[in-house]
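J.: Using only what follows, build the 3D model:
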Amino acid sequence: MAGRVAQAIKGGGEGPTVNDDVVRALASLLEETGLTEIEIEENGKRVRVAKHAGVAMAPQNYAAAPQQAAAAPIAAPSPEPVRKKGTLLTSPMVGTVYLSPQPGAAPFVKVGDAVTDGPVCIIEAMKTMNAVAATSKGRIGEIYVRDGQPVEFGEPLMLIE
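T.: Sure, this is the predicted structure:
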């Protein structure tokens with residue numbers, strides 16, 4: 001950048017002249033860095049570029065052009081999502097859900113597996129592994145989360161049919 005700026009600042013005649021490219025380069029640098037002012041000096045020649053908040057203009061009264069009101073589109077009622085019957089198992093805490101007891105191991109449960117009691121997944125919260133047990137007997141109808149996914153309190157994990 002300094003070499004480009006040095007080439008753009010030329011002396012001679014009544015004083016130094018500045019190539020438009022240097023001003024553009026400095027203005028671009030202002031935008032990129034978030035600075036409000038840059039000043040460079042080379043061979044006794046100085047260039048300063050600053051940006052200031054624009055001065056607010058006094059509001060001017062204009063007659064509003066008449067506009068026709070557009071007809072509002074009629075929204076069709078959205079169908080209720082089809083939900084399978086069963087018990088929704090939700091996250092009891094905020095954390096990261098793991099579907100298997102350790103990396104590379106088989107998951108606790110898969111869709112279609114029968115569950116009675118015992119862990120169906122683990123939620124890690126604050127470096128503590130917390131087993132999440134099935135809340136009812138049945139079969140796993142759906143699994144709504146991926147292994148290693150962050151979950152919120154009350155977020156659906158699985159459906160037990």
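
J.: OK, contacts around the closest residue to E152 other than its chain neighbours?
T.: Take E152 and drop its neighbours on the chain: the residue closest to it by CB to CB, 6 or more residues apart in numbering is V94, 5.6 Å away. In this view, the C-beta of every residue, glycine as well, is placed from N, C-alpha and C. By CB atoms under 8 Å, 6 or more residues apart in numbering, the contact set of V94 is 125, 150-153.

J.: list the helices and strands the longest helix belonging to the chain packs on?
T.: The residue-count maximum for a helix in the chain (DSSP state H) belongs to helix 20-33. In terms of contacts (3 or more CB pairs under 8 Å, 6 or more residues apart in numbering; DSSP states H and E), helix 20-33 is packed against helix 2-8, strand 37-42, strand 45-50.

J.: So for the residue nearest to E152, what's the pLDDT?
T.: At V94, the model reports a pLDDT of 95.

J.: before we move on, back to that, can you list the contacts of V94 in TSV and add neighbour count, distance to G112 and secondary structure?
T.: Formatted as TSV, these follow (neighbours: other CB atoms under 10 Å; distance: CB to CB, whole Å; DSSP: H, G, I helix; E, B strand; the rest coil):
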residue	neighbour count	distance to G112	secondary structure
A125	14	29	strand
P150	13	26	strand
V151	22	22	strand
E152	10	27	coil
F153	10	28	coil
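
J.: Go through the residues you listed and say which is closest to I160.
T.: V151 (17.0 Å; CB to CB).

J.: Quickly list what that closest one is bridged to.
T.: V151 has these beta-bridge partners by DSSP bridges: G95.

J.: Distance of it relative to Y144?
T.: V151 is 9 Å from Y144, where distance means CB to CB, to the nearest Å.
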